[in-house]
Each structure stands twice: as structure tokens, then as C-alpha cells.
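>>> Pasting the sequence and the predicted coordinates here, then a few questions.
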Protein chains: 2
Amino acid sequence: MDSDSPLKDERRLHILDAATELLATKPTASLAEIATHARIGKATLHRYFPTREALLIELAYRALNLVSEVIQTCRLDQDPAPVALARLAEALVPHGDKWYFLLNEHFWDVNPDLAQAEETVQAPILALIERGQAEGTLRRDISATWIIYLLDFTMFAAWQAIFDGSIARRDAPRLMIEGLLGGIAVKR
Amino acid sequence: MDSDSPLKDERRLHILDAATELLATKPTASLAEIATHARIGKATLHRYFPTREALLIELAYRALNLVSEVIQTCRLDQDPAPVALARLAEALVPHGDKWYFLLNEHFWDVNPDLAQAEETVQAPILALIERGQAEGTLRRDISATWIIYLLDFTMFAAWQAIFDGSIARRDAPRLMIEGLLGGIAVKR
DNA sequence: CTAAAATGAGATAAAATAGTCTCATATTAG
DNA sequence: CTAATATGAGACTATTTTATCTCATTTTAG
């Protein structure tokens, strides 16, 4: 919660990031594996996070705050919706693992607050999409809810493809937006 | 491996399906949870699958065979590519959990054969997409590899949205194909 | 440089999970 | 109906994982 020193705080975040990175691709990873992946001893891991559950919850909040912050930076209420979406993609891709982790791990049973928080953090995106539909840049015959799913999972696709080495990180945002906005069919 | 009787075989498949269903949304589920979810005793679970690893591997093969069979039924080499893609979506959505499980669980380290098999099963889809690009119905400026990612993850999006209750199962294939082929932007 | 604090490696205890076994009940085959 | 087989509940053991603790070494603060 509160930090004793900036150094410890930095270390905390490093551990959280490393843990997210691993857990996003291997949800069954043990604490020993997490510690190794973060290049620290398991004792130290326990010093920062007393239990596995505590780690997971802080992980979720870390992801939540980071993603929330990124979204706010994007100024989604400015420019036509497709342009704002491109900005969002650009900014969010580097944090794909956290976004993925946040939406796929189910802690709503262990911590109901988080479920609510997840929706809150998505709210600006939903607003953006509805704005796009209102201004006529996004299709109205597809529900905003489903568009959010498409956006999220296109992002996961990009992140996974980067992980697999199938696409370059710097190409990801463009590929995402091209495919999402324009579709894969040839226009006639 | 081989079946003693048709009845036991049926039971086997039921267990595998139930396990997939659970593990797709909760990869950390214990064997006891899996047994409960399949509505059998844990002893019986062990009678059919001696170890957790054995269960996982058979799960993968089950998913592989089923999906492979579905893909073959779709006759992806017929009709224009978009039409064939729609057929594929229609046929694959009901097995979304297996498809998801197959592509997300990483058993390539425990069983390298499966990694190869995964690519083999995707081959007809890749061929379809390349055919579409050749015949001019699918965009050539997006790589076939990336299109496969988009297809897969759009499918996962549909499956997740169904699971969340955000969309109706019978609408899923149409939503998938609309979004994937046409994109979410308004054409001008 | 020195003292205080933090860390890692590993021993150890506690808890959870995997896997085995028994036996009474249920199901199936014939 | 009867015998053989399969099942579930739960006791039980083995193994893995989580969590605690110690202590020599490293890092940090001053």
C-alpha cells in the first residue's frame, strides 16, 4: 500500500511486472518460478507479498492503475474515433500482458471490488466507441459492447503474435487498427 | 488409448469435454474440481486418466481431433473465401473452448508432437486465406499469418462474449464474420 | 569506512493437491 | 434375476507448493 522508500517501491513494481509477464502466459506458475523469473529469492518475494493471493490482488491493481493511466493519457475524447482508437492501440500494446491478465484472471470471486473496477476502467473506451457511432465514423449495426470485445481481443492477438515472434512490436498497432477498422475483406 | 467398450468411450469423451470446459476458464483448477465439474468421483477420474498430465495430453488430442474434423467438414476449398470463412466460424464457435484451450495451453515443452500437430491443423485455414488473397476477396496488404491471428482471437472474443452473456450463441458467427471481414469502421 | 538494513540460499513447517485404496452401492450384461 | 463390473464417498499416503525462519553475504545509508 504505502511505500517505505522509493527504492523498495521500485522493486515492488519490478516484481509485479515480472510476475504479470510470467503469469499471463503460464497461470499455473508456482511462487518459486515467479521468484526466479523476477530474479529474486523466494524469501524476498514473501517479504514483499505475504501470500500468493496478496500478490495476485496487487497484481490486478497494478495492472488496473497502469492501464487506467494509459487510457487517460490517450485523450480518447479528442479527434475522430478511429484516430483516437489508433492512439489507444499504440499506447496499450506495450502493456498487453497486463491488460490480458486483468481481463482473463477471475478474481471477481475473491475480490468483488475489482470486477467493478474493471468496468470502470473500460468506461472511457465504451464512451469513445459510442461517440464514434454517433459521429458516423464507426458502424452502428455492430453493438458497442461487441466492438469492445473485438478491440480487446485484437489487442491480445497482437500481443500473442509479438510473443510468438510472428510480428514486430512496432508494427503491432498499425496491424491492429488496419484489421479492426477496415476488416480483412477486399472492399468493392 | 483404445476403447474397451463404446460406453466407456462415451464416458471418456464426456470427462474430457467437461474438463476442457472448466480448464479453459480456470487453468488452475484442481483434479477434485474437475471431477466435480464432470459430476464424477475423483477415483473414477483417476481410473480413466492416471495422472493430471495424462489428462491434459489426452485433452489436447481430443481438442485437436475434434477441431481438425470440424475444419475438414467445412470444405474450405469450396466457394469464395469469405463464404468459406463464414462456414468455418459457424462450425467452430460451438467448440470455442477447445480451440482456445488448444492454442493457449503450452504443452509444447511436455509434448513436442502437439506443437507440430497444432500447425498441421491450422494448415487448411492458412491455405484458405492464401486462396482468398489470390482470388482477390481477401486483402493482400495484411499477411496471412496475421489474418489467422485475427480469426482465432475473434473466435475467442465470441466465445468469451457468449460465456459472459454479452451476445447470444446463435448470433456469434454472424458477429464474428461481420467484424472480421468488414471491420468496424464506416466505409466511405 | 562502518553500521544498519536487505537479500539469497536453503532448511523447515504447514497446507494443498495428487494419487491410491477400500468397500458399500449402483449399473450393466446376459 | 444374478453375477460381474463400474462407481462414488471418503480414508489414506505421497508429493508438491506455500509460507516461515536462520544466517552468511551483499547492498545501502550516512
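Ah, there it is. Numbering: from 1, shown residues only, chains lettered A, B, ... in the order given.
>>> tell me which parts of chain A are close to DNA strand C?
Residues of chain A lying near DNA strand C by C-beta under 7 Å from any atom of the strand: A:4, A:8, A:11, A:39, A:40, A:41, A:42, A:43, A:44, A:47. Backbone N, C-alpha and C define where each C-beta goes, glycine included.
>>> List buried residues within those.
residue A:40 (16 or more other C-beta atoms under 10 Å in any protein chain shown).
>>> for chain A, which spans come out with low pLDDT?
Low-confidence regions of chain A, defined here as pLDDT under 70, cover residues A:1-7, A:109, A:188.
>>> Can you give the domain ranges for it?
In terms of domains, chain A is parsed into A:1-50, A:61-182 (source: automatic domain parsing).
>>> Just name the most buried of those.
Looking across the domains of chain A with neighbours counted as mean count of other C-beta atoms under 10 Å in any protein chain shown, the highest average goes to domain A:61-182: a mean of 18.
>>> what's the span of that one from first residue to last?
34 Å (C-alpha to C-alpha, to the nearest Å).
>>> Excluding covalently adjacent residues, which one is nearest to the spatially most central residue of chain A?
Among the residues of chain A, residue A:99 comes closest to the average C-alpha position under C-alpha atoms, centre = their mean, at 1.5 Å. Nearest in space to residue A:99, with sequence neighbours left out and distances taken as C-beta to C-beta, 6 or more residues apart in numbering or on different chains, is residue A:67 at 5.7 Å.
>>> need the contact list for residue A:130.
Under the criterion of C-beta atoms under 8 Å, 6 or more residues apart in numbering or on different chains, the contact partners of residue A:130 comprise residue A:144.
>>> quick revisit: would you check that the residue nearest to the centre of chain A makes contact with residue A:93?
No. Judged on C-beta atoms under 8 Å, residue A:99 makes no contact with residue A:93 at a distance of 9.1 Å.
>>> Residues that sit against both of those two, list them.
Any residue near both residue A:99 and residue A:93 by C-beta under 8 Å, 6+ apart counts here, and that gives A:155, A:159.
>>> Next up, the contacts around whatever residue of chain A ends up closest to chain B.
Closest approach between chain A and chain B, counting by C-beta to the nearest C-beta: residue A:183, at 3.2 Å. Contacts for residue A:183 were tallied using C-beta under 8 Å, 6+ apart; they are B:179, B:180, B:181, B:182, B:183, B:184.
>>> Leaving out the residues flanking it, which one is nearest to it?
Nearest in space to residue A:183, with sequence neighbours left out and distances taken as C-beta to C-beta, 6+ apart, is residue B:183 at 3.2 Å.
>>> thinking again about what came up before, from residue B:136, how far out is the residue of chain A closest to chain B?
Taking C-beta to C-beta, to the nearest Å as the measure, residue A:183 and residue B:136 are separated by 15 Å.
>>> Can you tell me the element residue A:19 falls in?
Using DSSP states H and E, residue A:19 sits in helix A:6-25.
>>> What lies in contact with stretch A:163-177?
Residues outside stretch A:163-177 that contact it (C-beta under 8 Å, 6+ apart) are A:25, A:82, A:85-86, A:89-90, A:93-94, A:154-155, A:157-159, A:161-162, B:142-143, B:145-146, B:149.
>>> how distant is the helix holding residue A:19 from the center of its chain?
Relative to the chain's own centre, helix A:6-25 is displaced by 15 Å; criterion: C-alpha atoms, centre = their mean, to the nearest Å.
>>> need the next SSE after that helix, C-terminal direction.
Using DSSP H and E, the helix or strand that follows helix A:6-25 in sequence is helix A:31-37.
>>> Mind checking if the following helix or strand past that next one is in reach of DNA strand D?
Where DSSP H and E defines the elements, the next helix or strand beyond helix A:31-37 is helix A:42-48. Yes. For helix A:42-48, a contact with DNA strand D is found by C-beta under 7 Å from any atom of the strand, at A:42, A:43, A:46.
>>> Out of these, the closest to residue B:74 would be?
Proximity of the residues of helix A:42-48 next to DNA strand D to residue B:74 was ranked by C-beta to C-beta; the top entry is residue A:42 with 48.9 Å.
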